[in-house]
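Model the following, please.
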Amino acid sequence: MATQKLVPSMVVDLLLQNGIPELKLFSPSQYVLPAFANSSIGVSVAFQENQLRWMNNSKDIHDWIEKYVKRHVDHGVDIRYLYVGNEPFSRKYKQRTFGDVLYFMGEARKSLDRHNLTHIKTTTAHFTDILTNVTKPSKGDFREDIKELMINLLKFLKETKAPLVINIFPIYLVGSKQMPLDFAFFDERSNYTIKDGPHIYKNIFTLTYDTLVSALTKAGYPDMQIIIGQIGWPTDGYPNANPKNAERFHRGLLRYLKRNEGTPLHPNKTMDVYITGLSDENKIITEWGEYQRHWGIYRHDGSPKYKIDFSMQDHNSEPTTAKGTVKMPNRWCMYNENIFNGSKEKVMEHVNYACSKSDCTLLSPGATCDNLNFTWNASFAFNMYFQMNGQKINYCDFNGYGYITTNDPSTATCRFPIEILSVELIDNGVIHQLVASSGEISKVVSNPTILPIGLALSALVCMILLLCVLMWLPG
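Residues are numbered from 1 along each chain as shown. So this is what the prediction gives:
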């Protein structure tokens with residue numbers, strides 16, 4: 001969900017260069033999936049809830065799977081998981097609990113079997129609010145209002161040998177529970193711990209994970225396979241969301257996974273983990289925070305933001321940069337304070353309009369550009385609108401308040417970005433803008449010999465990195 005879209009083959013190449021063997025796509029684009037054919041990269045695709053609600057019968061589901069799954073598998077795409085909906089029982093969303101998810105999962109499973117795709121597992125991902133009492137694992141359980149739904153879902157997963165997937169977001173959890181920030185990290189710099197019987201918890205991830213284990217045990221599924229569907233750290237748009245903390249979090253996470261120590265309730269367990277996300281998404285909905293647009297390890301242009309070593313060797317270096325991206329000219333749109341003496345209210349009308357049509361999340365409290373003066377604040381808003389509309393001259397007018405410059409206005413802490421040339425595909429004379437699909441990248445460290453040496457970036461600027469490693473994490 002971004003204005004800047006990378007070529008799909010670029011993404012595949014980037015993934016390969018970095019040794020990332022799996023990717024989760026939230027939207028199975030017909031223009032993206034073919035790039036993964038015969039690439040050795042495992043792919044997960046999602047059957048989105050808005051698509052499911054248009055399905056009238058099992059034939060509709062069968063046809064969708066034939067189009068978006070079987071057709072691509074037949075052409076060499078290694079699809080391993082089909083996610084049906086996303087966080088169906090979460091309270092985050094205003095719509096009602098998506099209780100029909102079990103019906104659709106069952107129909108999807110039947111369709112996959114009929115297409116002879118029995119190897120593809122059918123599951124869905126959950127937010128941590130399916131749990132209660134995430135304070136001491138021994139008290140953990142599923143929410144009462146969804147307990148029956150969860151029991152039925154767990155029964156289905158057990159019967160079909162599919163994993164339970166949970167998304168864990170440490171920066172959100174420690175904030176909502178008013179815990180020390182250091183409790184979100186794995187390097188044990190904090191003296192804050194939680195004791196639960198004989199077990200001591202030193203970070204929010206293991207605490208949350210074992211709360212889920214406890215809930216599963218009470219439900220009668222103590223050995224249910226668990227996958228971390230999303231975990232990561234945003235780099236902007238929120239207090240403590242910055243590249244320094246993101247690097248610290250991921251370095252600690254990967255070290256923890258490599259040690260294969262598991263958790264107090266699941267010791268010595270190999271964990272499969274998807275890191276979210278591959279790159280930023282400047283059009284994603286920010287209802288739950290401006291940081292939602294800044295989960296990426298990569299910027300929109302395919303350049304890395306911080307050091308992270310997907311090989312699990314703890315190298316102190318940045319991942320490779322996407323090859324082949326082309327930036328638009330060095331042109332920025334600025335607020336012309338010298339020519340016009342209009343009121344600030346008038347200027348702010350244009351600023352608010354520009355922000356409503358672009359991405360001004362870097363101006364939010366705690367973000368990297370929240371300390372700009374009025375002129376630079378207006379200029380940042382004008383420039384984002386200008387860049388996200390392909391640097392078209394008329395998008396830097398603002399009734400005469402805007403002008404274009406070739407001098408980079410970026411400050412020491414605030415970067416004024418430039419758009420890259422987005423990919424477009426011509427099909428039968430019709431130009432289709434290549435849709436960026438959210439995704440996640442995975443790393444399988446259980447058997448390092450199967451990890452490809454190289455990886456690359458995709459035409460979907462909003463993918464999320466999945467790391468299947470010797471251990472697993474929170475979301």
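
which stretches of the stretch 1-150 of the chain form helices?
Along the stretch 1-150 of the chain, the segments classed as helices by DSSP state H, counting those that start in this stretch run 8-17, 49-52, 58-65, 71-74, 101-114, 147-159.

closest to Asn133 out of those?
Closest to Asn133 of the helices of the stretch 1-150 of the chain, according to Cβ to Cβ: helix 147-159, at 13.4 Å. Yep, even glycine has a C-beta here, placed from its N, CA and C like the rest.

could you dump the closest one to CSV, C-alpha only?
The C-alpha coordinates for helix 147-159 follow below in CSV (Å, rounded to 0.1, in the frame of the first residue of the first chain):
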residue,chain,number,x,y,z
LYS,A,147,-13.6,-18.9,23.4
GLU,A,148,-16.0,-21.2,21.6
LEU,A,149,-14.8,-19.8,18.2
MET,A,150,-11.2,-20.4,19.2
ILE,A,151,-11.9,-24.0,20.4
ASN,A,152,-13.5,-24.8,17.0
LEU,A,153,-10.6,-23.1,15.1
LEU,A,154,-8.0,-25.0,17.1
LYS,A,155,-9.8,-28.3,16.4
PHE,A,156,-9.7,-27.4,12.6
LEU,A,157,-6.0,-26.6,12.8
LYS,A,158,-5.2,-29.8,14.6
GLU,A,159,-7.2,-31.9,12.2
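
now what about it, what contacts it?
By Cβ atoms under 8 Å, 6 or more residues apart in numbering, the residues outside helix 147-159 that reach it are 89, 97, 99, 101-102, 105-106, 109, 123-124, 130, 141-142, 162-164, 216, 219-221, 224.

Buried members of those into PyMOL, please.
Entered in PyMOL, the line below selects the buried ones among those, by 16 or more other Cβ atoms under 10 Å:
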select buried, resi 89+101+102+105+106+109+123+124+130+141+142+162+164+216+219+221+224
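
Could you list which of the contacts of helix 147-159 belong to strands?
Here DSSP state E is the test, and the contacts of helix 147-159 give 123, 141-142, 164 as lying in strands.

Nearest to Ser410 among the residues you listed?
Looking across the ones in strands among the contacts of helix 147-159 and measuring by Cβ to Cβ, the closest to Ser410 is Thr123, at 43.3 Å.

any idea how far the closest residue to that closest one other than its chain neighbours lies from Pro137?
In space, and not counting its chain neighbours, Thr123 is closest to Ala162: 4.6 Å by Cβ to Cβ, 6 or more residues apart in numbering. With the distance defined as Cβ to Cβ, to the nearest Å, Ala162 ends up 24 Å from Pro137.

CA atoms only for stretch 321-329, dumped as PDB, please.
What follows is stretch 321-329, C-alpha atoms only, in PDB (Å, rounded to 0.1, in the frame of the first residue of the first chain):
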ATOM      1  CA  THR A 321      20.200  -2.300  -1.400                       C
ATOM      2  CA  ALA A 322      17.600  -3.000  -4.100                       C
ATOM      3  CA  LYS A 323      19.200  -2.900  -7.600                       C
ATOM      4  CA  GLY A 324      17.700  -1.000 -10.500                       C
ATOM      5  CA  THR A 325      15.500   1.600  -8.800                       C
ATOM      6  CA  VAL A 326      15.400   5.000 -10.500                       C
ATOM      7  CA  LYS A 327      14.700   8.100  -8.600                       C
ATOM      8  CA  MET A 328      12.800  11.100 -10.000                       C
ATOM      9  CA  PRO A 329      14.800  14.300 -10.500                       C
END
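
List the buried residues of it.
Across stretch 321-329, burial judged by 16+ other Cβ under 10 Å covers 322, 325.

Now do that stretch: everything it contacts.
For stretch 321-329, the surrounding residues in contact (Cβ under 8 Å, 6+ apart) are 6-7, 10-11, 13-14, 298, 301-304, 387, 390-391, 406, 418-421, 456-457.

what's the burial count for Gly289?
For Gly289, the neighbour count with other Cβ atoms under 10 Å is 18.

residues in contact with the nearest residue to it once chain neighbours are set aside?
If the residues on either side of it in the chain are set aside, Gly289 comes closest to Tyr238, at 5.7 Å by Cβ to Cβ, 6+ apart. Neighbouring residues of Tyr238 by Cβ under 8 Å, 6+ apart: 171, 289-291, 364, 366-367.

For the buried ones among these, write the corresponding ChimeraX selection.
Selecting only the buried entries of those in ChimeraX, with 16+ other Cβ under 10 Å as the criterion:
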select :171,289,290,291,364,367
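
which of the contacts of Tyr238 lies closest to Arg251?
Of the contacts of Tyr238, the one sitting nearest to Arg251 (Cβ to Cβ) turns out to be Ile171, at 15.5 Å.

Sort out which residues of the helix or strand containing that closest one are buried, please.
Taking DSSP states H and E as the definition, Ile171 sits inside helix 170-176. Neighbour-count burial for helix 170-176, with 16+ other Cβ under 10 Å as criterion, is recorded at 170-175.

which secondary structure elements does that helix contact?
Here helix 170-176 touches helix 204-218, going by 3 or more Cβ pairs under 8 Å, 6 or more residues apart in numbering; DSSP states H and E.
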